[in-house]
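Q: for reference, the sequence and a predicted model appear below.
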Amino acid sequence: MQPFTQRVVETIKSIPEGKVATYGQIAELAGSRRAARRVVWVLHAMSEAHGLPWHRVVSASGEIALRDDEARMMQTMLLEHEGVEVDDRGRIDLDRYRYRPGDAD
DNA sequence: AGTGTGACTTGGG
DNA sequence: ACCCAAGCCACAC
């Protein structure tokens, strides 16, 4: 596994319950600001094997990015279970729920 | 090696 | 706020 991939995995694992991070944010935290699409690939390839909290990753617009309706429902359910509000269009208020590393909560 | 694809992002209109 | 075109990076064929 490439170092960047490893860092993406660690970054995703570091997102706390009740918070979300965007693809671009994860890419930046892992050291490559423009690598949002690699984050997508990591989620596909490593989510299961590494037990990643994949549901805490959303798009820069605060939207659930999954295409598949069932999967969207699943993500919505997992997030709301952690106290993250998701509206009926699958949108999340990033001002409220965005993960900010280093914040004292 | 070229092309297509993806749970993306940004910038412009 | 929505739509679109480019840019982005790695992978599979």
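A: That came through fine. Numbers count the residues shown, from 1 in each chain, chains lettered A, B, ... in the order given.
Q: where do the helices sit along chain A?
A: Taking DSSP state H as the criterion, chain A carries its helices at A:3-13, A:23-29, A:36-50, A:69-81, A:94-97.
Q: anything in the second one sitting right up against DNA strand B?
A: It refers to helix A:23-29. Yes. With Cβ under 7 Å from any atom of the strand as the criterion, DNA strand B is reached by helix A:23-29 at A:23-25. (C-beta placed from N, C-alpha, C; glycine too.)
Q: near DNA strand C, which residues of chain A?
A: With the criterion set to Cβ under 7 Å from any atom of the strand, chain A comes near DNA strand C through A:2, A:4, A:32, A:34-38, A:41.
Q: buried ones among those?
A: Buried members of the residues of chain A next to DNA strand C, counted by 16 or more other Cβ atoms under 10 Å: A:4, A:35-36, A:38.
Q: which two of the residues you listed have the greatest separation?
A: Within those, A:Phe4 and A:Ala36 form the most distant pair, 12.4 Å apart (Cβ to Cβ).
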